[in-house]
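J.: this is a predicted model, with the sequence first.
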Amino acid sequence: MEQPAGGRRPRLVSSLALGQRAWEVTLEWERGLLSWRDPQPPRGNCFVPASEIIAVEETEIEKQCSSGKWQKMAKPHAFTVYYVKRAQKHRWQCNEVTFWCVDEQLCNQWIQALKELLELQKSRPKQLLVYINPYGGKQQGKRIYEQKVAPLFSLASISTDVVITEHANHAKDNLFEVNIYKYDGIVCVGGDGMFSEVMHGLIGRIQKDSGIDQNNPKAPLVQCNIRIGIIPAGSTDCVCYATVGVTDPVTSALHIIVGDSQPLDVSSIHHNNTFLKYSVSLLGYGFYGDILKDSEKKRWMGTIRYDFSGFKTFLSHHYYEGTVSFLPAKHTLGSPRDKKRCRTGCYICRQSKQQPEEQQKNYGLEHNGDDWKVIKGKFLAINAVNMSCACPRSPKGLSPAAHLADGSIDLILVRKCSRFNFLRYLVRHTNQDDQFDFTFVEVYRIKKFQFTSKHLEDSDSGVKDVGKKRFGQFCRDHPACCCNLSNSIWNCDGETLDSSAIEVRVHCQLMKLFARGIEENSNDEAIYNQSTVEQLL
Ligand SMILES: Nc1ncnc2c1ncn2[C@@H]1O[C@H](COP(=O)(O)OP(=O)(O)OP(=O)(O)O)[C@@H](O)[C@H]1O
Ligand SMILES: CCCCCCCCCCCCC/C=C/[C@@H](O)[C@H](CO)NC(C)=O
Ligand SMILES: [Ca+2]
């Protein structure tokens, strides 16, 4: 073993057996790195950063050897290191490597050192509160948790309190009752709707405990430092996909175990000084609202309900009239037409970190009315997204260059156009072409917006015309046209929101997820050269 240099913790270097060969195994405290090197050609080499070690365990290896070889020599002492391995397309797996030697003291020294290294990983959760929606997606939430996630949490010595929900809003209500402060994080097993429920419970609880009135649209909300982890078990799982890059329960569990932290912007939605909902992904009126409205009646169909309702809504081709007013995001660094995407450690999101404090300072200061833009029109879809909204159906999402934590919303207005053009627009969500490059599509990066449907404007301005009052029942002017005779609804992160007038404001980095954003090219890079060593074993 090497000697301490200048009082620093010494490197631990030993010759340990891996399989039937001796390897040089090194633990570098300074760099927090475990590596093992085959001293003989072809010299395989493997590195694992301490931040990606899941657990270390003493291992009994006698049983593994059927040839009885061990009996002829001293009893082997072994330990297994479990660590993150990157697989294809942002997927993470739990890999393991077992080292052994005949010196019991040396083996214990390694176990002790690795455990101490793990203790230094301060951002890792020790105690989690888990909510499982047994009816989300393909109704596999409980099985997914028990078979794929719970064993990993137990391996990583994370203790859990598990609640299997019995009805909608069970998790949300429960979060107002339990002592949330004894947990290092909340985990939800389900889809976007379940995540939304847990988020509402957590943000609502923090505001209540801080004396903040959520009904005040100008209130400076208090940031939530208790992270939420999402184990995807829903139908779309857009929040998970857009923050991790894949919807895979094991990958998400590993991001929770290593203690990742990804700040997230949250929009608050109000009407007449009444709080309606929060949104982190899609707030959509028209096309996505109508899909949701129809698909909610078809929950029995399972996950294909969205395809069915999507096709039906596309054919109905309804447009809606109204006024959108918005405050453009003046000082943000990016634009929705950027080619560069928000990825792990995103520069734009890091620069926006100052915004929460700025927002607090500017609390109460109204923006100059001239800054607001007003657009009246007929829209097939009004989509306000806080993140790309990438999902398995659309891997680049509704706004590919949107940022997770830049304190802005991308507002996408799709004006009335032909069915054929709308189809061209939709198809571009699934290929490399620019979905904003159409005359009938506009996209803005904004801070706040308001929407009022024409129906409400007409009734508010006291229009007495009986034909207009009965707008909801028939269209006298255009019997065969596609203008919808009723309002659409809002699709708020997969939950319905039935209001024809809303005001929306984004809160920069209001909450945090156990995630790190999508890693750049992680599928192709042999980052820690793990494949080399695996070929040799
Ligand atoms: N035990 C339960 N019984 C009925 N509904 C529940 C229960 N637990 C949670 N819910 C509600 O079910 C709704 C949908 O759940 P979830 O988001 O998990 O699945 P999904 O709708 O299939 O997926 P996605 O939102 O990704 O499309 C949520 O709004 C949640 O409030
Ligand atoms: C003919 C080809 C059409 C392809 C259309 C692809 C566009 C799909 C984009 C889906 C984005 C979904 C954004 C996320 C919404 C969720 O909040 C919600 C609940 O899970 N899901 C849906 C479908 O509303
Ligand atoms: Ca954003």
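T.: Sure, I can see it. Numbering: from 1, shown residues only. Ligands and ions are numbered 1, 2, ... in the order given.
J.: and for the residue in the chain positioned nearest to ligand 3, nearest residue in space, chain neighbours not counted?
T.: Nearest residue of the chain to ligand 3 (C-beta to the ion) works out as residue 265 at 4.1 Å. Backbone N, C-alpha and C define where each C-beta goes, glycine included. Spatial nearest neighbour of residue 265, excluding adjacent residues (C-beta to C-beta, 6 or more residues apart in numbering): residue 386 at 4.8 Å.
J.: the residue of the chain closest to ligand 3 sits in which helix or strand?
T.: Using DSSP states H and E, residue 265 maps to strand 262-271.
J.: run the chain-centre distance for that strand.
T.: 14 Å (C-alpha atoms, centre = their mean, to the nearest Å).
J.: one step back: how close does the residue of the chain closest to ligand 3 sit to residue 186?
T.: 19 Å (C-beta to C-beta, to the nearest Å).
J.: what sits against the residue lying closest to residue 18 once chain neighbours are set aside?
T.: Once flanking residues are discounted, residue 18 sits nearest to residue 99: 5.7 Å by C-beta to C-beta, 6+ apart. Contact analysis of residue 99 by C-beta atoms under 8 Å, 6 or more residues apart in numbering lists 16, 17, 18, 23, 25, 36, 78, 79, 80, 81, 110.
J.: again, but for residue 276
T.: Taking C-beta under 8 Å, 6+ apart, we find residue 276 in contact with 269, 270, 497, 499, 502.
J.: same thing but at 10 Å, please
T.: Contact partners of residue 276, counting by C-beta atoms under 10 Å, 6 or more residues apart in numbering, are 214-215, 268-270, 490, 492, 497-499, 502-504.
J.: just to revisit the earlier point, can you name the next helix or strand after the helix or strand containing the residue nearest to residue 18?
T.: With elements taken from DSSP H and E, the one containing residue 99 is strand 92-101. On the C-terminal side of strand 92-101, the closest following helix or strand by DSSP H and E is helix 104-119.
J.: pLDDT of that next one, averaged?
T.: Averaged across helix 104-119, pLDDT comes to 95.
J.: stretch 488-498 now?
T.: Stretch 488-498 comes out at a mean pLDDT of 92.
J.: start to end distance for that stretch?
T.: Terminal residues of stretch 488-498 lie 8 Å apart, using C-alpha to C-alpha, to the nearest Å.
J.: cool, stretch 228-236 as well?
T.: Distance across stretch 228-236, first residue to last, is 18 Å (C-alpha to C-alpha).
J.: tell me the residues of this protein that contact ligand 1?
T.: Contact residues (C-beta under 6 Å from any ligand atom) of the chain with ligand 1: 133-137, 165-168, 170, 190-194, 197, 234-237, 494-495.
J.: just the buried residues of these.
T.: Using 16 or more other C-beta atoms under 10 Å as the burial test, those include 133-137, 165, 170, 190-194, 197, 234-237, 494-495 as buried.
J.: filter those by proximity to ligand 2?
T.: For ligand 2, the contacts drawn from those by C-beta under 6 Å from any ligand atom are 191, 192, 235, 236, 494.
J.: got JSON lines for those residues, with distance to residue 456 and secondary structure too?
T.: Putting these into JSON lines (distance: C-beta to C-beta, whole Å; DSSP: H, G, I helix; E, B strand; the rest coil) gives the following:
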{"residue": "191", "distance to residue 456": "31", "secondary structure": "coil"}
{"residue": "192", "distance to residue 456": "28", "secondary structure": "helix"}
{"residue": "235", "distance to residue 456": "31", "secondary structure": "coil"}
{"residue": "236", "distance to residue 456": "29", "secondary structure": "coil"}
{"residue": "494", "distance to residue 456": "24", "secondary structure": "coil"}
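J.: now render those as a markdown table, adding distance to residue 448.
T.: Listed next are those as a markdown table, based on distance: C-beta to C-beta, whole Å:
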| residue | distance to residue 448 |
| --- | --- |
| 191 | 28 |
| 192 | 23 |
| 235 | 30 |
| 236 | 26 |
| 494 | 23 |
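J.: nearest to ligand 1, of those?
T.: residue 191 (2.3 Å; C-beta to the nearest ligand atom).
J.: name the residue of the protein that lies nearest to ligand 2.
T.: For the chain, C-beta to the nearest ligand atom, closest residue to ligand 2: residue 494, 2.5 Å.
J.: isn't that residue up against residue 193?
T.: Yes. Counting by C-beta atoms under 10 Å, residue 494 does reach residue 193; the two are 4.6 Å apart.
J.: overlap in contacts of those two?
T.: With C-beta under 10 Å, 6+ apart, residue 494 and residue 193 have common neighbours 234, 235, 236, 292, 296.
J.: let me know how buried the closest residue to the second one other than its chain neighbours is, in neighbour terms.
T.: This means residue 235. Nearest residue to residue 235, sequence neighbours excluded (C-beta to C-beta, 6+ apart): residue 303, at 4.2 Å. Residues lying near residue 303 (other C-beta atoms under 10 Å) number 15.
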